[in-house]
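A.B. asks: Below is the sequence, then the predicted model.
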Amino acid sequence: MIEFKDVSFSYERGTPVIEHLSFRIEAGQSVGLIGANGAGKSTVMKLLLGLVSGEGEVLVDGTPVQKTTLSQIRRKLGFVLQNSDHQMFMPTVYEDMMFAPLNYGVPRDQAEQRVDAVLAQLGLEDLKHRHNHRISGGEKRMAAIATILAMEPEAILMDEPTAALDPYNRRIIINTIRDLKQTKLITSHDLDMILDTCERVILLSDGKIVADGRADDILRNRELLEANRMELPFCLAGR
């Protein structure tokens, strides 16, 4: 579904941010992309979305990510931003959810069916006609996920989906992520959330993969995490 083949990237006249990165994510997998600040996580997302380009090859469902394929690629990928205010730009949740399907040529009646189905799936029917500036941070994060699901993407990218949420809304987001059937790539410093939602973890450090394997194995490895400026998940720290 997602593949990086010997990908390197550096900002102009800068040191490399990503160096010879190679990995493959199969359809339906849920993968956590972790690492300390500056490890290269955000750059991986940008490369996938075609926001930047480097050396090597990035593929989505076998299609190379390049200027001529961006429209095709972005129909397959849904990106949930860390800051929902940067994603929810229409007056109401309904209008935000309708925006992408209509712009992709989905007939209005079908788009409305998608919206109603997603809202029912997430238990968010009461948000449908709410104004975005009048809902809570947790509700807005859920609405942002709903907006992406209305696009019916094959894979979902998430950047710090639980950041700045209270415990109640954090748990709702975690349960929602666990129930999603799409391929998922999630970047986060919330390692407890990654442990709860991901079967596999890729650990980056200085733009290179230092570990790639079962989430349970990597996130229980105190020595590995501390060597890469990270700490055990809170749920494991006392064990």
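C.D. replies: Looks like it arrived, so ask away.
A.B. asks: partners of whichever strand or helix holds residue 157, with directions?
C.D. replies: Secondary structure from DSSP states H and E places residue 157 in strand 155-159. Note on strand 155-159: by DSSP bridges, its sheet partners are strand 77-80 (parallel), strand 183-187 (parallel).
A.B. asks: And the helix or strand that that strand is followed by, what does it pack against?
C.D. replies: With elements assigned by DSSP H and E, the helix or strand that comes after strand 155-159 is helix 167-179. Contact here means 3 or more Cβ pairs under 8 Å, 6 or more residues apart in numbering; DSSP states H and E; on that basis helix 167-179 packs against helix 137-149, helix 191-197. Using the backbone N, CA and C atoms, a C-beta is placed for each residue, glycine as well.
A.B. asks: Could you list every helix and strand in contact with the shortest one?
C.D. replies: Identification of packing neighbours for helix 191-197 by 3+ Cβ pairs under 8 Å, 6+ apart yields strand 30-34, helix 167-179, strand 183-187, helix 215-219, helix 234-237.
A.B. asks: wait, which of the ones you listed is closest to residue 16?
C.D. replies: Across the helices and strands packed on helix 191-197, residue 16 has its closest neighbour in strand 30-34 (17.7 Å, Cβ to Cβ).
A.B. asks: what's the helix ranked longest in the chain in contact with?
C.D. replies: As assigned by DSSP state H, the longest helix anywhere in the chain is helix 108-122. The contact list for helix 108-122 (Cβ atoms under 8 Å, 6 or more residues apart in numbering) reads 94, 97-98, 101-102, 106, 124-125, 127-128, 142, 145-146, 149-150, 152, 176.
A.B. asks: same deal with stretch 136-151?
C.D. replies: 75, 78-81, 84-85, 87-88, 93, 96-101, 104, 111, 114-115, 118-119, 121-122, 124, 127, 130, 132, 135, 156, 161, 164-166, 168-169, 172-173, 176, 180.
A.B. asks: From residue 227, how far out is residue 221?
C.D. replies: From residue 221 across to residue 227, the span is 9 Å (Cβ to Cβ, to the nearest Å).
A.B. asks: Below-threshold pLDDT in this structure: ranges please.
C.D. replies: Counting by pLDDT under 70, the ranges of the chain that qualify are 238-239.
A.B. asks: Go ahead and flag the most central residue of it.
C.D. replies: Per Cα atoms, centre = their mean, the C-alpha nearest to the average position across the chain is that of residue 158, at 1.7 Å.
A.B. asks: who's that residue bridged to?
C.D. replies: Counting by DSSP bridges, the residues bridging with residue 158 are residue 80, residue 186.
A.B. asks: Contact partners for residue 192?
C.D. replies: When contacts are counted by Cβ under 8 Å, 6+ apart, residue 192 touches 233, 234, 235.
A.B. asks: Is residue 231 in a helix, a strand, or coil?
C.D. replies: Following DSSP: H, G, I helix; E, B strand; the rest coil, residue 231 is assigned to coil.
A.B. asks: Please identify which of the helices and strands packed on helix 167-179 is closest to residue 15.
C.D. replies: Per Cβ to Cβ, nearest to residue 15 of the helices and strands packed on helix 167-179: helix 191-197, 26.7 Å.
A.B. asks: ok, back up a step: verify the stated contact: the residue nearest to the centre of the chain with residue 182.
C.D. replies: No - in this structure residue 158 lies outside contact range of residue 182 using Cβ atoms under 8 Å: 10.7 Å.
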